[in-house]
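Participant: Sequence plus predicted model, see below.
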Amino acid sequence: MQILLLIILVLALCAAFSIFVHTLVNGISPMPSSRKARSVVVSIAKEQFSSGTIVDLGSGWGTLCFSLGRALPQARIIGYESSLIPYLYCRCAKAILRSTNVAFRCKDLFKTSHDNADGILYYYPQ
């Protein structure tokens with residue numbers, strides 16, 4: 001039992017360290033979008049898109065991607081996240097939620113092409 005607790009503690013510390021390092025590298029921590037922000041973005045996206053590809057640069061925990069995926073079932077939603085732990089969380093949530101039109105990529109958003117995107121979302125701190 002103690003070994004199991006030690007393993008869980010080590011994994012939790014590794015996950016926290018990973019998020020901390022990526023926060024320093026990216027200059028922002030992975031943060032879930034607020035309900036109000038998701039509502040506004042989804043409302044605007046529904047006016048602009050009924051299909052096509054929407055890319056979320058820095059998708060964090062995927063809350064915005066999943067909201068867009070539900071609101072726009074004909075669209076393809078792709079979330080890019082360079083932090084491993086939120087990315088893995090999103091992959092698990094995608095499987096549980098069975099979001100067939102939502103995908104996630106664990107890549108640096110500055111090193112990928114988004115030429116095929118019909119819409120691009122990103123957070124810009126003021």
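Facilitator: Perfect, I can see it now. A quick note: this is a predicted structure, and the numbers were derived from the prediction, not measured. Numbering: from 1, shown residues only.
Participant: Check whether residue 59 really touches residue 79, as I assumed.
Facilitator: Yes: Residue 59 lies in contact with residue 79 (C-beta atoms under 8 Å); the separation is 2.9 Å. Just so you know, the C-beta spots here come from the backbone N, C-alpha and C atoms, and that holds for glycine as well.
Participant: got any residues that touch both of these two?
Facilitator: Listed as contacting both residue 59 and residue 79 by C-beta atoms under 8 Å, 6 or more residues apart in numbering are 65, 90, 104.
Participant: Need the pLDDT of the first one.
Facilitator: Residue 65 is assigned a predicted lDDT (pLDDT) of 96.
Participant: Same check on residue 126?
Facilitator: Looking at residue 126, its pLDDT stands at 57.
Participant: before we move on, what about residue 111?
Facilitator: Listed pLDDT for residue 111 reads 85.
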